[in-house]
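> Provided below for reference: sequence and predicted model.
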Amino acid sequence: MATTGTRLRRLAGIATAAAAAAAACTSLTPSVASSDRGGGPALDAVRRRIVDPSAAVPPPRAVQESALVGASSANPLDILVIGGGATGCGVALDATTRGLRVGLVEREDFSSGTSSRSTKLIHGGVRYLEKAVFNLDYGQLRLVFHALEERKQVIDNAPHLCHALPCMTPCFNWFEVVYYWMGLKLYDLVAGARLLHLSRYYSAQESAELFPTLARKGKDRVLKGAVVYYDGQMNDSRLNVGLACTAALAGAAVLNYAEVVSFLKDEVSDRIIGARIRDNLSGQEFDTYAKVVVNAAGPFCDSVRKMAKVDAQPMICPSSGVHIVLPDYYSPEGMGLIVPKTKDGRVVFMLPWLGRTVAGTTDSNTPITMLPEPHEDEIQFILDAICDYLNVKVRRTDVLSAWSGIRPLAVDPSAKNTESISRDHVVCEDYPGLVTITGGKWTTYRSMAEDAVNAAIRSGKLKPANECITNNLRLVGGEGWDPAFFTVLAQQYVRMKRTYGGKVVPGVMDTAVAKHLSRAYGTFAERVAAIAQDEGLGKRLAHGYPFLEAEVAYCARYEYCESAVDFIARRSRLAFLDTDAAGRALPQVIEILATEHQWDKSRKKQELEKAKAFLETFKSSRNAQFHDGKHK
């Protein structure tokens, strides 16, 4: 328990920081207000390509691969991007909209790693603000300014996939009420013109009404009230896939399941001039040439760097975040719960997400693996932590899905002092022709990409046609979308469903399905609804979830969905929401993909085995082993 003197010093620190932040707001206003730069004719031309009804379908995978094969030493790409996560796809979109010739390769699927396993929050970083105040760290304060600027930008650029979310911080003594109220008002102040909504204090009674499962009494404590503030929330992997498809529509050659196996180097200068790439679907290899290669491989960027230089100094310090999904009744729709400090000092959150509740924590040490799995003690830690704040029984058997994601915290290899791990991103070129971008977070992917492209332009002496324009560019499906768009689907389309006897019967495009399609695909939801209506693919894939058979066909045709796992994990979020429901949906998903991709029986069997193995890494209650009512 902090002493009264310590508490007063903390409050004084917040007050002082508020004054400093107000002054800093003034000095940083030009950068915040710079969202109109780089627009004009270039931006209008890109927008037309993305929303053009006759062209708003990304080129097929075979066309994209041909474009990469066609990049020769005499006619190279300007930039080749390695990594199809948020940052890599952001780099591809930024570079191609500057008029550069761009290719991107990803050894698995777009968003198959860290970018699909996030907290789903788009945030400025309340914890960083606290550190900035108490450590008098202006660098941390600038980090928060920057993240809050980008937070609003992400929401504006993909309004169908992102939205503002109120988050409640419960307070159990009056010092906490004052402390969190002042701190979150400072957060509002730092956001400035990018503010989502003002934070405010609610009494204990009001808090209980807003969050019915919040405990008013606990172990020697009584709820005094809560402070509610706003951050953003997203559907992360669909946002990532949207980035890839938008980049493809804008002119980039993006290719998933394409792995870099080695670099091509100039014999005289030893500069990297391209890469040897293996198509992991066909097994064939080819060379593609580029003036600059951008390494955006996230946690795996060190392995890419070591392909260029065996003794490259590591720059990744991996950190994991474990998340579990619980039924919707654990949290009310439209209100999250954030516990800033648990028993061991970690943050725990509980947020409504796609009709369920996602709970988790951050920052645990972890090894780098392709498919990180949550440990049972981490799952139990989350359950125990949220149990302290709820008035309902928290049961391990309620866990519908559990997963772990690896965050690539970075150390700049060129920095003299490597003791401090950066929470910001790092851009470096420690081998000629290879620019590495890593660190940072989902919220700042766009500005990370901008910095990486700027570095690539300098490295390759490239000549872009215009400046960065992604700050004003809505992603595919976002232009012209509004929250009421789902009513168009509900009124104008029906769901034609095939019965077990093979008869096709009409069904209502109910509100739940219409809202889901609108939120997942934006204005392109009409294309999915048309497939459901015209091709008899209007049946739900899993009971209790709004995902339709038509989505499988749409994603196979227009979103580079190449496997069953691609769909259940990243095009839809069924694996993350309910592992068992995803398993039940698998046979039908595979049948539809088999029709779209002309799979034989052997391939269908292989897809089923791979998908089941993938789902085993999501530790739902059914995957767990229990003994005498407790987990072993």
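Ah, there it is.
> Which residue, neighbours along the chain excluded, lies closest to the residue nearest to the spatial centre of the chain?
Nearest to the geometric centre of the chain sits residue 236, at 3.1 Å (C-alpha atoms, centre = their mean). Nearest in space to residue 236, with sequence neighbours left out and distances taken as C-beta to C-beta, 6 or more residues apart in numbering, is residue 118 at 4.8 Å. Just so you know, the C-beta spots here come from the backbone N, C-alpha and C atoms, and that holds for glycine as well.
> about what we covered before: and the residue nearest to the centre of the chain, what does it touch?
86, 111, 115-118, 120, 442 (C-beta atoms under 8 Å, 6 or more residues apart in numbering).
> so which of those is the most crowded?
Among those, residue 86 has the most neighbours (other C-beta atoms under 10 Å), with 33 neighbours.
> Residue 461 versus residue 305, what's the distance?
22 Å (C-beta to C-beta, to the nearest Å).
> Between those two, tell me which one has more neighbours.
For residue 305 and residue 461, the more surrounded residue by other C-beta under 10 Å is residue 305, and the numbers stand at 24 against 8.
> wait, isn't the more buried one in contact with residue 435?
No. In this structure, residue 305 is not within contact of residue 435 by C-beta atoms under 8 Å, at 10.7 Å.
> Quickly list what's touching both of these two.
With C-beta under 8 Å, 6+ apart as the test, residue 305 and residue 435 both reach residue 295.
> if we can go back for a sec, where does the residue nearest to residue 236 fall, helix, sheet strand or coil?
coil (DSSP: H, G, I helix; E, B strand; the rest coil).
> so it makes contact with residue 405?
Yes. Residue 118 lies in contact with residue 405 (C-beta under 8 Å); the separation is 6.1 Å.
> who touches both of those two?
Shared contacts of residue 118 and residue 405, defined by C-beta under 8 Å, 6+ apart, are found at residue 321.
> Let me see the ranges of the strands in the stretch 151-300 of the chain.
162-171, 200-203, 217-218, 221-222, 225-234, 253-256, 258-265, 272-279, 285-295 (DSSP state E, counting those that start in this stretch).
> Between the ones you listed, which one is closest to residue 374.
strand 225-234 (21.1 Å; C-beta to C-beta).
> strands paired with that closest one, and their directions?
Sheet pairing of strand 225-234 (DSSP bridges) gives strand 121-122 (antiparallel), strand 162-171 (antiparallel), strand 200-203 (antiparallel).
> how far does that strand sit from the chain's center?
Computed by C-alpha atoms, centre = their mean, to the nearest Å, the chain-centroid distance of strand 225-234 equals 19 Å.
> Look at residue 616 and say how many residues are nearby.
Count around residue 616 with other C-beta under 10 Å applied: 14.
> likewise the one 3 residues further on?
Neighbour count of residue 619, defined by other C-beta under 10 Å: 24.
> Who are the contact partners of it?
373-374, 376, 379, 399, 401-403.
> What of residue 125?
Shown in contact with residue 125 (C-beta under 8 Å, 6+ apart): 143-144, 147, 423, 441.
> Also residue 542?
Contacts of residue 542 (C-beta under 8 Å, 6+ apart): 574, 578, 581-582, 584-585.
> now with 6 Å?
Residues counted as contacts of residue 542 (C-beta atoms under 6 Å, 6 or more residues apart in numbering) are 581, 584-585.
> which secondary structure element contains the closest residue to it other than its chain neighbours?
Ranked by C-beta to C-beta, 6+ apart and with sequence neighbours excluded, the top spatial neighbour of residue 542 is residue 581, at 4.1 Å. Assigned by DSSP states H and E, residue 581 belongs to helix 579-597.
> Can you spell out which helices and strands pack onto whichever helix or strand comes after that helix?
Under the assignment DSSP H and E, the closest C-terminal helix or strand after helix 579-597 is helix 601-616. Helix 601-616 sits against helix 564-565, helix 579-597, with contacts defined as 3 or more C-beta pairs under 6 Å, 6 or more residues apart in numbering; DSSP states H and E.
> Helix 579-597 and helix 601-616, what's the angle between them?
150 degrees (axes from the mean of the first three to the mean of the last three C-alpha atoms, to 10 degrees).
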